[in-house]
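Undergrad: Pasting the sequence and the predicted model now:
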Amino acid sequence: MSSQHAVPAPVTGSGLTEEEFRAKDSRIIHPWQDLKTADHSENHALVRAEGIYVYDLEGKRYIDAPAGMWCINVGYGRREIADAAARQLMEMPYDSPWSFANLPAAEFAERLIALTPGDLKHVFFTTGGSTAVDSALRFVMFYNNILGRPEKKHIISRQDAYHGSTYLTASCSGKERDKVYQTFETSFVHHLPAPNPYRRPEGMSVEEFRDAKVADLENKILELGPENVAAFTAEPIMGTGGVIVPPPGYHRACLEVCRRYDVLYIADEVVSAFGRLGHIFASEDVFDTVPDIITTAKGITSGYVPLGAFFVSDRLIAEANDHGARKSIFANGFTYSGHPVACAAGLANLDIIEREGILEHVRDVGPYFQARLRELMDIPIVGDVRGMGLMACVECAITGEDGDDLALDYEIGNRIDRHCHEMGLILRPMINMCILSPPLIITREQIDETVRILRAGIEKAMDDVRAEGIWSG
Ligand SMILES: Cc1ncc(COP(=O)(O)O)c(C=O)c1O
């Protein structure tokens, strides 16, 4: 496949040493910052990038295996996106979405809606994934209030889910360790166990496990009372939770349960949309589900400019209209809703995806990526390799030796990350899990290189924990 990358000039004015940079950086509270280290930065600055590679202050090159944060789908250095954003910045950098509309947002809406499944033909633009999911949930509450059933507000999510960092989306997220010292909404947000086949009870088939997880949803709806349950929200593949690919048929069966009890189904496609699984949206094309709402962000602009969106079905809009006694004003929005620069970048990004056949490319190299990673299963500390398309997780475990599994998981994960970093591969380390979601333009040769470094990193980490007496396997 072709790709046109402008080779970026070296960053001017950076002239900083790592130490000088870190002195400045230490004033920033980063996401998931340990406040104990708030005054002491150990971050590496990335100063330029091209294709699937990023470069640090010292000019060292790395493969960016997480594609930033699951977002640089068309790769770095796309002058076309930069030019589109620059043109828009000069022509019309901003308009108030309360008072006006703009051309890029209208055109982008039309292009996107031609690609959404079913009757999801209205779009609400936001500033990112959290605001997309939050806005979708607010829409659901609003819709039920209009329909005269304000008690129908309970949301069912899953353990290990990630839906964002607003109060409500963080409440819907299901990672226990993110809840420490935080306050969450618990009165109407509920979590089901994750549909992680790797963690299924011994002796249970994947099909039995799927049926059990679908039954969890039905039982929870019945326990709460269908009249009280507004929505089920689910990532098609749980990304941040460890690339958890549910058993085949799981989403379709969950959708059927939702339909049975008049519960809305929200597919959180912040990660899975825009090509990561070889399709613009994965819900229908990969999982045979047409949800009521799809939320997305990240790959919508390949991360070049912040943007998010939720798509909602015409049915819900029509029902709200039919019931709205007087006015049905959806009082939800952001100063930057439908930002013209973000939408111009989104249009250029979509042009690239379509022109370069990026979806076809993912469908071509995705199985190769998955197969190459599965070869790592021969390393004794690798417990599971899973994924689909260009998202994958290599889960390592040296558990069971001294009882403190979490501490051991950190021991191994941190070492893999450090070794890979030294060898020029950036991973997304999640305790004991190495998450990979490379730019979608990655070639077979680059996949080989990624897997080669990852194997060496895991093996070195394994040697370390053996040599240090942490593990004797
Ligand atoms: C599935 C999912 N939903 C929502 C979000 C939140 O998106 P953002 O960080 O753009 O607010 C993320 C971020 O990783 C995500 O993976």
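TA: Alright, I've got the coordinates.
Undergrad: which bits of the stretch 251-400 of the chain sit near the ligand?
TA: Asp268, Val270, Val271, Ala297 (C-beta under 6 Å from any ligand atom). All C-beta atoms are positioned from the backbone trio N, CA, C, and that covers glycine.
Undergrad: Would you check which pair of the residues you listed lies furthest apart?
TA: Asp268 and Ala297 (9.6 Å; C-beta to C-beta).
Undergrad: any common contacting residues for the two?
TA: Common neighbours of Asp268 and Ala297, using C-beta atoms under 8 Å, 6 or more residues apart in numbering, are Gly129.
Undergrad: Tell me the most packed of the residues of the stretch 251-400 of the chain next to the ligand, by neighbour count.
TA: Among these, Asp268 has the most neighbours (other C-beta atoms under 10 Å), with 31 neighbours.
Undergrad: hang on, the earlier thing: for the residues of the stretch 251-400 of the chain next to the ligand, which one is nearest the ligand?
TA: Comparing those against the ligand with C-beta to the nearest ligand atom places Val270 closest, at 3.5 Å.
Undergrad: Which residue, neighbours along the chain excluded, lies closest to that closest one?
TA: Gly129 (3.8 Å; C-beta to C-beta, 6 or more residues apart in numbering).
Undergrad: The one you found and Asp178, how far apart?
TA: Using C-beta to C-beta, to the nearest Å, Gly129 is found at 15 Å from Asp178.
Undergrad: Neighbour count for the two, which is higher?
TA: The residue with more neighbours, out of Gly129 and Asp178, is Gly129; 29 against 14, by other C-beta under 10 Å.
Undergrad: Return the residues in contact with the more buried one.
TA: Going by C-beta under 8 Å, 6+ apart, Gly129 touches His163, Gly164, Asp268, Val270, Thr295, Thr296, Ala297, Lys298, Gly308.
Undergrad: which residues of this structure score low on pLDDT?
TA: By pLDDT under 70, the low-scoring segments of the chain are 1-14, 325-326, 399-403.
Undergrad: swap the cut-off to 80 and go again
TA: 1-15, 324-327, 399-407 (pLDDT under 80).
Undergrad: before we move on, back to that, Serialize the residues of the stretch 251-400 of the chain next to the ligand to CSV and add fields for secondary structure.
TA: Putting those into CSV (DSSP: H, G, I helix; E, B strand; the rest coil) gives the following:
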residue, secondary structure
Asp268, strand
Val270, coil
Val271, coil
Ala297, coil
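Undergrad: of all the residues you listed, which comes closest to Cys393?
TA: The closest of these to Cys393 turns out to be Val271 (C-beta to C-beta; 12.4 Å).
Undergrad: Quick check: nearest residue in space to the closest one, chain neighbours excluded?
TA: Among residues not flanking Val271 along the chain, Gly239 sits closest, at 4.2 Å (C-beta to C-beta, 6+ apart).
Undergrad: I'd like the distance between the one you found and Glu207.
TA: With distances taken as C-beta to C-beta, Gly239 is found 24 Å from Glu207.
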